[in-house]
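Colleague: sequence and predicted model, in that order:
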There are 2 protein chains.
Amino acid sequence: MSQTISLLPVTDVTACCSPLTRETLTAANADDLARSLKALADPTRLRLISIVAASEGQEACACDLTEPVGLSQPTVSHHLKVLVDAGFLSRTQRGTWAYFALVPGALDSVARLLVSA
Amino acid sequence: MSQTISLLPVTDVTACCSPLTRETLTAANADDLARSLKALADPTRLRLISIVAASEGQEACACDLTEPVGLSQPTVSHHLKVLVDAGFLSRTQRGTWAYFALVPGALDSVARLLVSA
DNA sequence: GCTCTATATCGATGGATGTCAATATCCTCT
DNA sequence: AGAGGATATTGACATCCATCGATATAGAGC
């Protein structure tokens, strides 16, 4: 299951195929990997991940993420959603606040696809 | 030198900073890394890298790259230029033909920035 | 229930990007 | 020099995307 759905947790993408440099990527695999990389390929989203990663328990409240990146609240909310949809962050609601945490291994698994060894 | 120029070989980007999850990225570092990832975040470019990597000596002629990806010659030429400018591929002219090769360590160094360990 | 605060969604907008056809450039060979 | 083939560049176009202000939703506490 879960092969041609367009919404693609990173863990599924990375389970699919050998590293980029080992054998030729199929069009479908290239599409999936590109989608994961696209989610990362934005300076604001990289900073958000970086801030979350540096926080206690690799988890941060959305309320603490808007100010450091210097963008509007809707924009930050949008970026967080992109990262959650891509499988890099998880979202937990606690009371009024939303907490975002690193999904363990998500970054590593996409990194593993890029590496040659 | 070479800190605020906008054209950014990957090797410079990756020399700059510790992994994404170790400490908070500055806006400038996030920008550089995002630019490298953007160059990778396209299915056609991933396939081109993959094909080059699977070729003899990790090098391929442009003439052999147009057909497999199924796009027009100008489009493929454009994608190759993006990858060369980003530092993932190198270009060598031999006679009428242009050969593209993997830049050793380029993919690895960007992967290393994503990984936590 | 009402208010206040936190977060998400909507709609619009400007800028970036992938693609192609047409054309230019460059190299080789006769 | 001229012709032919390989690659790059140009210009146009459609689509995607980051961003914002305005608004909706949802939870907490009175």
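Modeller: Received it, and whenever you're ready, just let me know what you need.
Colleague: distance of A:P74 relative to DNA strand C?
Modeller: 3 Å (CB to the nearest atom of the strand, to the nearest Å). Where C-beta positions appear, they are placed from N, C-alpha and C, glycine not excepted.
Colleague: compute the number of surrounding residues for that residue.
Modeller: Residues near A:P74, counting by other CB atoms under 10 Å in any protein chain shown, number 9.
Colleague: did I read that right, it in a helix?
Modeller: Yes: assessed by DSSP: H, G, I helix; E, B strand; the rest coil, A:P74 belongs to a helix.
Colleague: so for it, what's the pLDDT?
Modeller: pLDDT, A:P74: 98.
Colleague: cool, the one 3 residues further on as well?
Modeller: Listed pLDDT for A:S77 reads 98.
Colleague: now it: how far from A:N29?
Modeller: 31 Å (CB to CB, to the nearest Å).
Colleague: between these two, which one's more packed in?
Modeller: Using other CB under 10 Å as the criterion, A:S77 and A:N29 rank with A:N29 on top: 20 against 15.
Colleague: so the more buried one is in which element?
Modeller: helix A:27-40 (DSSP states H and E).
Colleague: near DNA strand C, which residues of chain A?
Modeller: With the criterion set to CB under 7 Å from any atom of the strand, chain A comes near DNA strand C through A:61-63, A:66, A:73-74, A:77-78, A:80-81, A:91, A:96-98.
Colleague: which stretches of chain A form strands?
Modeller: Using DSSP state E, the strands assigned to chain A run over residues A:59-61, A:89-94, A:97-102.
Colleague: tell me the contacts of the residue most central in space within chain A?
Modeller: Geometric centre of chain A, nearest residue: A:F88, 2.7 Å, by CA atoms, centre = their mean. A:F88 makes contact with A:V10, A:A39, A:L40, A:I49, A:L102, A:V103, A:A106, A:L107, according to CB atoms under 8 Å, 6 or more residues apart in numbering or on different chains.
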